[in-house]
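[1] give me coordinates for this.
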Amino acid sequence: MQKYLILISALFILNNASAQTQNKTADSLVASLVSENIVVGVVAGYSVNGDVKWQSAQGDADRENNKKMELTTITRPASIAKSMTAIAIMQLVEKGLIDIDKPIQTYIPDYPTQKKTQITTRHLLSHTSGIAGYKNGKEAQNTKEYATMAAAVDVFKDRKLLFEPGARFSYTTYGYAVLGLLIEKVSGVTYEEYMQKNIWDKAGMKNTGIEKYGVKISNKSMLYHRDKKGRIKESTQNNLSNRIPGGGFYITLEDMFLFGNAVLENKLISESTLDLMRQHHSLEKEANAYGFGWFLYNPKPNEGAIIGHSGEQSGSASQLFIIPSTKTVVVVLANTALSWNEVFVTTAKLMNLSQKEVKKE
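    Down below sits the predicted model:
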């Protein structure tokens, strides 16, 4: 992650110093992802002060049937789901229903206890819990259906931790699965019901939800995978029920804008809560700057000046940037796995183009 922080800093400098860089259009940046065989299809855009200044759809949603990618095409946002789950947790914190520093057994009584330090909500939000990620490729490409959040958590909850909670940073989608179960225990409703009422409905997101294995969604892109040699083929379908709160959604570009702007407009959480989430909670000795559900992309000492999240899974490579100071949201959603590096770089360049719009206002 550190090299990408350096990249973002360099791009800001280039944006001011190089006319050639400034003159690169957003369309050509995104189109090159398709023309260079990085992705099959992609949607992208940026908004400033709630207004979409530019958006584009390039390539195919279904290459075999020549179905083009459209602005309304549904894709997987992958781990951007973690930002939404984190905000749901912080809503419950604002209501006094969760204390982020109490052991999670306070809310999930049957969760296994540790010999020394107990896992807290703070640890889960910041990826410092010690909970490991997928054990193997079979878990990553899961095909088993987990009917409940508790059943998904049962898969890993008894495994040995990687380290004592709070000692290190280790990114884990499974940690966010525990947060999903925590939301259910505290709110008294299912995770899906909570997210629908308190996140998606509040933000006006009408085309976002939990992807369910085997259930066809109208206008959803096919899933593609790019191998190490750059060859792209259709991905095998996997079941996301083992990771829903950390990466089990479907979404559209419009809904990504709605989410980002709901965050900026304090429709979901207060400004002070967002400020807390933008602080560096992932340990100073680590190179990975992470808050609560947000990567922190700006260099020190203002790491929280640019927040967002990345995502990659079967049929998806995604990137979200939010700049609170300029009310900017930048999104790229691609339908091809193992293309995230290029998607990130493209999103960073689009972010810099978006700041030219800020100067016009």
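[2] now the strands: where do they sit in the stretch 201-350 of the chain?
    209-210, 224-226, 232-234, 249-250, 295-296, 307-313, 316-323, 328-334, 336-337 (DSSP state E, counting those that start in this stretch).
[3] out of those, which comes closest to residue 161?
    Smallest distance to residue 161 across those (C-beta to C-beta): 22.8 Å, for strand 295-296. Where you see a C-beta, it was placed from the backbone N, CA and C, and this is true even at glycine.
[4] any idea what the nearest residue to residue 26 once chain neighbours are set aside is bridged to?
    Once flanking residues are discounted, residue 26 sits nearest to residue 54: 5.1 Å by C-beta to C-beta, 6 or more residues apart in numbering. Bridge pairing for residue 54 (DSSP bridges) gives the partners residue 46.
[5] check contacts around residue 54.
    The contact partners of residue 54, taken as C-beta atoms under 8 Å, 6 or more residues apart in numbering, are 26, 45, 46, 353, 354.
[6] with residue 349 as the reference, measure out to the first one.
    To tie it back to what came earlier, the one meant is residue 26. 8 Å (C-beta to C-beta, to the nearest Å).
[7] name the member of the contacts of residue 54 with the most neighbours.
    With neighbours taken as other C-beta atoms under 10 Å, the top of the contacts of residue 54 is residue 46, carrying 26 neighbours.
[8] against residue 305, how distant is the residue nearest to residue 26?
    For residue 54 relative to residue 305 (C-beta to C-beta), the value is 22 Å.
[9] likewise residue 267?
    21 Å.
[10] what packs against the longest helix along the chain?
    Criterion DSSP state H: the longest helix present in the chain is helix 340-360. In terms of contacts (3 or more C-beta pairs under 8 Å, 6 or more residues apart in numbering; DSSP states H and E), helix 340-360 is packed against helix 2-17, helix 19-22, helix 26-35, strand 41-48, strand 51-62, strand 307-313, strand 316-323, strand 328-334.
[11] list the buried ones in it?
    340, 342-355, 357 (16 or more other C-beta atoms under 10 Å).
[12] confidence-wise, which helix or strand of the protein is lowest on average?
    helix 19-22 (a mean of 40; mean pLDDT, DSSP states H and E).
[13] ok, now which ones touch residue 62?
    With C-beta under 8 Å, 6+ apart, residue 62 has these contacts: 221, 222.
[14] apologies, that question was intended for residue 52.
    Here residue 52 is in contact with 45, 46, 257 (C-beta under 8 Å, 6+ apart).
[15] show me where pLDDT drops low in this protein?
    Counting by pLDDT under 70, the chain contains low-confidence residues at 1-24, 360-361.
[16] which residue is nearest the middle of it?
    Centroid-nearest residue in the chain: residue 80, 1.2 Å away (criterion: C-alpha atoms, centre = their mean).
[17] wait, isn't that residue in contact with residue 313?
    No - using C-beta atoms under 8 Å, residue 80 is not in contact with residue 313; the gap is 10.8 Å.
[18] just the CA atoms of stretch 240-256, as PDB, please.
    The C-alpha trace of stretch 240-256 is given here as PDB (Å, rounded to 0.1, in the frame of the first residue of the first chain):
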ATOM      1  CA  LEU A 240     -20.200 -15.000  -1.300                       C
ATOM      2  CA  SER A 241     -22.300 -16.100   1.700                       C
ATOM      3  CA  ASN A 242     -19.100 -16.700   3.700                       C
ATOM      4  CA  ARG A 243     -18.100 -13.000   3.500                       C
ATOM      5  CA  ILE A 244     -21.200 -10.900   3.000                       C
ATOM      6  CA  PRO A 245     -20.300  -7.900   5.300                       C
ATOM      7  CA  GLY A 246     -16.800  -7.800   3.900                       C
ATOM      8  CA  GLY A 247     -17.500  -8.400   0.200                       C
ATOM      9  CA  GLY A 248     -20.800  -9.900  -0.700                       C
ATOM     10  CA  PHE A 249     -22.800  -7.100  -2.400                       C
ATOM     11  CA  TYR A 250     -23.800  -6.000  -5.900                       C
ATOM     12  CA  ILE A 251     -24.000  -2.400  -6.800                       C
ATOM     13  CA  THR A 252     -24.200   0.200  -9.700                       C
ATOM     14  CA  LEU A 253     -22.000   3.200 -10.400                       C
ATOM     15  CA  GLU A 254     -24.900   5.500  -9.500                       C
ATOM     16  CA  ASP A 255     -25.300   3.800  -6.100                       C
ATOM     17  CA  MET A 256     -21.600   4.200  -5.400                       C
END
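[19] off-centre distance for that stretch?
    8 Å (C-alpha atoms, centre = their mean, to the nearest Å).
[20] next one: stretch 136-151
    The answer for stretch 136-151 is 19 Å, by C-alpha atoms, centre = their mean.
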